[in-house]
Structures are given as C-alpha cells and as structure tokens.
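Undergrad: Quick one, what's the 3D model for this:
(chains A and B)
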Amino acid sequence: MFVVMFVMSIFSFIVIQLPPGDYLTSYIMTLQTQQGFVDEAQIEALRKQYGLDLPMYEQYIFWIKNMFYGNFGWSFEWNQSVSKLLADRLPMTVVISILTLLFTYAVAIPIGIYSATRQYSFGDFFFTVIGFIGLATPSFFLALVLMYLFNKYLGFSVGGLFSTQYIDAPWSFAKFVDLLKHLPIPIFVIGLAGTASIIRVMRGCLLDELRQQYVITARAKGLEERKLLYKYPVRIAINPIISTIGWVLPSIVSGATITAIVLDIPTVGNLLYNALLSQDTYLAGSSIMILTFLTIVGTFISDILLAWADPRVQYL
Amino acid sequence: MFNICDNINWQALGKEVLVESPNSNMKDPKFKQFIEEGLEIDKEEEKLYTATQWQLMWRKFRRHKLAIIGLVILAILYTFAIFCEFFAPQDPAKRDTNYIYVPPQKIHFIDESGRFYLRPFVYGLKQESDPITWRKVYVEDRSKKYPVYFFVHGDKYRLWNLIEYDLHFIGTKEGPFYLFGTDESGRDMLSRTIYGARISLFTGLIGVFFSFIFGCILGGISGYFGGSIDLIIQRVIEFLLSLPSIPLWMALAAAMPKNWSPLKVYFLITVILSLIGWCSLARVVRGKILELRELDFVTAARLAGATDWTIITKHLLPNFTSYLIVSITLAIPNMILGETSLSFLGIGLRPPIISWGVLLKNAQNISIIALQPWLLIPGLFIVITVLAFNFLGDGLRDAADPYR
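TA: Alright, predicted model coming up:
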C-alpha cells in the first residue's frame, strides 16, 4: 500500500509538471495584468520559495516534504493555501462517497436476493432491465436528465448541496435538514451504476449457492425457508460482494467526480476539475493525490473487512 | 441441450419397437409422427456432433434474443457512422442564423384539414415571441408544407474525404428540415448526432484495439513466463484497477497542449483511455494461458521445437479467441463512456470535432436544458449504444463456451 502511495505521489507530481511552463508562469501573467510590470527579483524570490530553481528530483522531495508538514502549496486561482481548500471539501467528499457506498449495498443486496429467489419472475425481469439501463447510462447524462425532469415536473433545481440561503450559513439544524434534502439525488446518480452491477453479482452468486446440495439437505430436513435462506446461502453469497468494494469504490469516486461537476457539488472532484481547467497545478496534483489516497485506503479497509467476514481468506 | 438428449432416448426406444414389431401401434398417426420427429432430431444431433466450434457458438448465440437485437442495433449504428456524410441530411457545420434553437420538427402524414398524404411532410417554421417571457420561440407554420423525400440532393460533401457528392438519405428539397432541432448557432442536431456517431463509436473500437495489443502482450508474457515478471505485471494491473479512472483521465487529458491538431488530440485521448482498459483484458489472457500452459499439447509443441512466440500465437491464442472477443465487446462501452465523459467536461475532444460528448457539452446547465431539452438527444444514443454492446457481450459470453 505504501508502494502504491509512493507511485501515486510520483504520478501526481508528473501531473503538476506536465503542462508547459511551471505554475509560476500563470501567476506572473496575473501579476503583469494587475500591476503592469513584474519585478525580476520578486520572481526569483518566488522561485526560491517554491523550490522551482532546483532539479526535478529535488523538487519532488521538496514537494513531498512539505506535504508531510501539511503544506500542499498555494492555489493562485483561489488565492488560498491548497490544504485549506482541500480540508474544506474533504469531509463532504468522504460523506458522499460513504453514503453512496452504503446506498449501493443497501439497495443492491435485497434486490439481488429477491431476484435470485424469484428467478425469471416479473420483478426479476424488471430489475434486470433497470440494471442494464443503469449500467449503460453515463452518470453525467443521468444527472442532466434528472435535472431536466425535476425542473419540468416538480419545479425546483437539484444542483448544489445547499439552498442558496444556507451556503455561507454556519452549521445549524435547518442547514442539516437542507443538506439531507439535497443529498438523495447525487447519491442516486452516483450509485446507480454500481448498484446495477452488484445486483447482478449478488443474483449470480446466490443462484449458484441455491443449487448446492446443502440447500436441498436443509430443505429436506424441514428447515424454515426464511431461516434457510438467510442463514446459509445468503451469508456465503455476500462474501464476494464485500470484495467488490475494491472496484466499486474507484467507480464511485470516478462517478462522484463527474456528477459533482454537473450538479455543482463542492467536492474534491469538482475542485480538481476547476484546477485542471485553470491550470492551477499544485491544486490539481494534490486533489488527484487525495482522491486516489481515499480510494486506496477504502480498498484496504474492504480487504480487512473481507478477511474478518470470511475466515477462509488468508493474507500472504 | 439436455432436452434433446432426453427426447432421443425415448424416441430411439420407439424406433426399436417399430423395427421389432411392425404390427404394433404403427397405424396410430400420432405415434408415427412421434417416431418421425425422433428421426428428425437424430439428424439434428448428428449435425451437432460434426459442427465446428464456431458453428456451435453461432447456434447458441442465435438463441439469445437480446444479443441478436443488440447486434442489429449496432450494425445499424455503425452503418450510419461509416456513411455519416450520406445519412446526415445536412452539413453538420452549416450555421443557419434564421433557425437558432429550433425544437425538433415532427414528420406529418395528415395535415390540419385531416387529409392523408402518402408522402410525409414537415411544416415550415415561423418565429414568434412568447407572450409572457418575450423569448423567441419557433412554431409550426401551417401554411407551408415541405414534403420529405428519400435520396435528395442537398449540401455537398466528400465521402471519406474522397468522393465528392451531394446525395442525402433523407431531406426536403426546400425549407427547414430539423428532426432533432438545432443548437445555439442553428446547426442541425440530427446531422451532428450522426457525425458524432462516427467519432464516438470508433473511439471505442480504436481504444479497444490499443488495449487489446497491450493486454495480449502483457497478459501473454505474464501468464506464459510466470515468476517475477508475472508478479510485477499483476501488481501493476492491481494498482491501475484500484485507481478512480475519471480523475486520472482528466489529469492526463488536461495536460495535453491546447494547440494540438484535432487528429492528434483524438489519437491521444484513445491512448489515454486504453491505458487503463488493457488491465482487464490482460487478466483474461493471463488466466487462460495459465490454464492452457500445463496441457499436453503445449508440451508436445515445445518438444517439437516450437519457439515461445509460436506456441503463444499459434497454439495458445486460438484457444481462447472466443473469450477475448467477449472481453473486447464488454470493454468497448467503457471506452465510449470514457470518451463522452471527458469530452462532456471539455477536456477530451473539443470542437470542431463532433462527438456525442462534445454535443452534450452544450447542454451542461439547467437553464439550457430546461428550454432546449432536445440537446440531450445524443445522450440517448450513448445509452442505446452501450446497452446494445452489453447485450451483445452477454450473448457472446453465453456462447463462448458452447460445450457447457
């Protein structure tokens, strides 16, 4: 995992370095337009301060070292420190990701069980169709369509996380309620694709389990159908589901990024997008770093969960 | 499959009865029919035994209704994409300032007086101001009718940049013809959607082609040689798969110089997309090779002096072509979704390239969607395409192992 983090940090650093010119170029440009002139000495001082006069690998070490002190660099676009910007958005990003993950599993597992136990019924067919469409719809398109439908038939806009009067308001109960009102749509949009695929995995696994002989034995000895279902096959079928977090989480972070941009939700993904557009390189690199870090930590936790849930899994 | 076998057992028994005791229930027409059906199935079964693997797969595939539907839809879409100059009623770049944000026109068969026309027509358009908002809106001008023709001469184009011609599949001889409406500079959305299909659909194919190459080579090496190379490649794959793809693509695409030519941008985007796409393919290849490597025929080939390259390409690859095809079909929609997402955000393909994502970029905020919902139509095509690919992939997956 630390190796992964290391590779990722190098990658983020490359992202910072890739655009032509270093990130002072754009800053100098702004200075020029503001003041009409730029002091050579001032530029030199800035270069020293950010270590831009050093060779590449030293710049990397410089960057990493600062990061450990919580100094991610300075965002010229926002004129704030990157760490503050990220800290503002990080809680919301984590909350949305975790809620979406919970939503995904809370919806997918019961539906998967339903579909498997009533294979080829109308409900099964219905959920299969919904699932296929859910997989095929890009999340940004779903967000757009929902925006349109809500606007047209219910007459309110679904963008953002708070109503306008609460955006800058301090936390209060009313603001919290307002947040709850705005959350379902992004969570639904982000979670749909993941939900659809997990329904299919769950259905497949459970169908496999239901064909096993121990189920017939249990049924033959007169075990109550409910107990039979939940005590044995469902438990086993859930194990592969836990291991799906490994790929559901990256897809949620991906989906959250793009959905946040469309629905204008203040998350790290949205920040990354704006940073990339305005070539605010330090902000972009740090955002990428944070996003992947979150994903990797999440995956790591899911691995631990799996080992806890299924003692057969061993770590090498 | 099992059904057939069951039938044969019973009916073969019936045949024996027939041969041994000719005076049995042979007069009963139902029984006779039963026996004849049995013989018929016998022939079928014989075909089944002599069929090649591909024939078996085709048999199984045909039974998958959704897969067939998907195949047909894709065939139609790709035909449109390949001959987009011909199928698009107009030049997609042509701006018509008289018709800005025109809603989709309807094709009519019956006019306002209730008369039926065999040749459909569209009404003309006239501009009016909305009485409340004072916004300009277009309404049908019932006084003007423009009949719709197949194979009409219209805007000039160069098919595949080679053949100059002006014949279009559908259109009117005069007057407006905007079945999907127009965008903010009066360009025909139908034509743009059809041209967009070319870029969007082929991004998938080209991207998959790249990831196919990466995946086969790396997966092949990983599976065939094993050991530490295998370990390294597997770790790399795990690493790449654990990353959120869209932020990664965004970062790479945004690093692209802004002054590159559209073709270069297009090429680079597909490469970026396949950078992650190859992982799942490589896994399939590796898994299959690991399985096949231990089999006797590989040992035989090695003893006969075949090189590693020959063994991989000649003996191993053909054994899992069907699985490869399945994973490729299932990988294409991801590529298409990736391209459209990036273009939609404005960091993938950019105008003047027309792709579905680029078209959807115009419909990014609520005030535009609320008033011009027809700008969302290209998104519908994305959904249809991806659905069709998923159905097709599902059918192929079931067919890939015909002996099961």
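Undergrad: list the contacts for residue 105?
TA: By default, I'm working from chain A. A:198, A:241 (Cβ atoms under 8 Å, 6 or more residues apart in numbering or on different chains). C-beta here means a position set from N, CA and C on the backbone, and glycine is covered the same way.
Undergrad: right idea, wrong chain: chain B
TA: B:122, B:123, B:125, B:140, B:176, B:177, B:178, B:179, B:181.
Undergrad: Kindly confirm my reading that the fourth one forms part of a strand.
TA: Yes. With DSSP: H, G, I helix; E, B strand; the rest coil as the criterion, residue B:140 is located in a strand.
Undergrad: tell me which residues in stretch B:184-202 are buried?
TA: For stretch B:184-202, burial by neighbour count (16 or more other Cβ atoms under 10 Å in any protein chain shown) applies to B:186-202.
Undergrad: Looking at the contacts of residue B:105, spot the one nearest residue B:362.
TA: Using Cβ to Cβ, residue B:181 comes nearest to residue B:362 of those, at 11.5 Å.
Undergrad: Find the residue closest to the closest one in space, skipping its chain neighbours.
TA: Once flanking residues are discounted, residue B:181 sits nearest to residue B:374: 4.0 Å by Cβ to Cβ, 6 or more residues apart in numbering or on different chains.
Undergrad: Tell me the secondary structure at residue B:305.
TA: Assigned by three-state DSSP, the conformation of residue B:305 is coil.
Undergrad: any idea how far it lies from residue A:287?
TA: 56 Å (Cβ to Cβ, to the nearest Å).
Undergrad: ditto for residue B:37
TA: For residue B:37 relative to residue A:287 (Cβ to Cβ), the value is 69 Å.
Undergrad: and if you look at residue A:186?
TA: Counting by Cβ to Cβ, the gap from residue A:186 to residue A:287 is 18 Å.
Undergrad: So if I had to pick from those two, which one is more boxed in?
TA: Neighbour count, other Cβ atoms under 10 Å in any protein chain shown: between residue A:186 and residue A:287, residue A:287 has more, with 33 against 27.
Undergrad: Could you pull up the residues touching that one?
TA: By Cβ under 8 Å, 6+ apart, the neighbours of residue A:287 are A:86, A:268, A:269, A:271, A:272, A:275, B:247.
Undergrad: Taking these, tell me the two that lie furthest apart.
TA: A:86 and B:247, at 13.7 Å, using Cβ to Cβ across these.
Undergrad: Among these two, which residue is more densely surrounded?
TA: A side-by-side neighbour count of residue A:86 and residue B:247, using other Cβ under 10 Å, places residue B:247 first with 28 against 19.
Undergrad: Give me the below-cutoff pLDDT ranges for chain B.
TA: B:1-28, B:39, B:41-51, B:53, B:133-134, B:159, B:175, B:257-258, B:400-404 (pLDDT under 70).
Undergrad: Identify the residue of the stretch 1-150 of chain B closest to chain A, quick one.
TA: Nearest residue of the stretch 1-150 of chain B to chain A, counting by Cβ to the nearest Cβ: residue B:66, 8.7 Å away.
Undergrad: can you give me phi and psi for that residue?
TA: Phi and psi for residue B:66, reported as degrees, to the nearest 10, are phi -60, psi -40.
Undergrad: Contact residues of the stretch 251-400 of chain B facing chain A?
TA: Along the stretch 251-400 of chain B, the residues adjacent to chain A under the rule Cβ under 8 Å from any Cβ of the partner chain are B:251-252, B:254-255, B:257, B:333, B:337, B:340-341, B:344-347, B:360, B:363-364, B:366, B:369-370, B:373, B:376, B:379, B:382-384, B:386-387, B:390-391.
Undergrad: One more: the stretch 101-250 of chain B?
TA: So the stretch 101-250 of chain B meets chain A at B:239, B:241, B:242, B:243, B:244, B:245, B:246, B:247, B:248, B:250 (Cβ under 8 Å from any Cβ).
Undergrad: By neighbour count, which of those residues wins?
TA: residue B:250 (31 neighbours).
Undergrad: returning to what we had before: can you select the buried ones from the residues of the stretch 251-400 of chain B next to chain A in PyMOL?
TA: Burial among these is assessed by 16+ other Cβ under 10 Å; the matching PyMOL selection reads:
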select buried, chain B and resi 251+252+254+255+333+337+340+341+344+345+346+347+360+363+364+366+369+373+376+379+382+383+386+387+390+391
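Undergrad: Among the residues of the stretch 251-400 of chain B next to chain A, which lie within helices?
TA: Those of these mapping onto helices are B:251-252, B:254, B:333, B:337, B:340-341, B:344-345, B:360, B:366, B:369-370, B:379, B:382-384, B:386-387, B:390-391, per DSSP state H.
Undergrad: Could you list the low-confidence segments of chain A?
TA: Along chain A, segments meeting pLDDT under 70 span A:1-2, A:15-43, A:46-56, A:67, A:69-79, A:154-172, A:279-281, A:310-316.
Undergrad: Tell me where it has strands.
TA: A:74-75, A:80-81 (DSSP state E).
Undergrad: and whatever helix or strand residue B:202 lives in, what does it pack onto?
TA: Under the criterion of DSSP states H and E, residue B:202 resides in helix B:189-225. The contact analysis (3 or more Cβ pairs under 8 Å, 6 or more residues apart in numbering or on different chains; DSSP states H and E) places helix B:189-225 against helix B:65-82, helix B:84-87, helix B:227-241, helix B:262-293, helix B:321-345, helix B:356-361, helix B:377-400.
Undergrad: Make sure the residue nearest to residue B:181 is actually in contact with residue B:104.
TA: Yes. Using Cβ atoms under 8 Å, residue B:374 is in contact with residue B:104, at 5.1 Å.
Undergrad: So which of the two has more stuff around it?
TA: Counted by other Cβ under 10 Å, residue B:374 and residue B:104 do not tie: residue B:374 has more neighbours, with 20 against 15.
Undergrad: check contacts around that one.
TA: For residue B:374, the contact set (Cβ under 8 Å, 6+ apart) comprises B:103, B:104, B:180, B:181, B:189.
Undergrad: nearest to residue B:135, of the residues you listed?
TA: residue B:103 (12.5 Å).
Undergrad: Help me confirm that that closest one is found in a helix?
TA: No. Assessed with three-state DSSP, residue B:103 is coil; it does not lie in a helix.
Undergrad: quick one: the residue lying closest to it once chain neighbours are set aside from residue B:141, how far?
TA: Closest residue in space to residue B:103, ignoring its immediate chain neighbours: residue B:181 at 5.1 Å, by Cβ to Cβ, 6+ apart. Distance from residue B:181 to residue B:141, counting by Cβ to Cβ: 16 Å.
Undergrad: the more surrounded of the two?
TA: Higher neighbour count among residue B:181 and residue B:141: residue B:181, with 20 against 15, using other Cβ under 10 Å.
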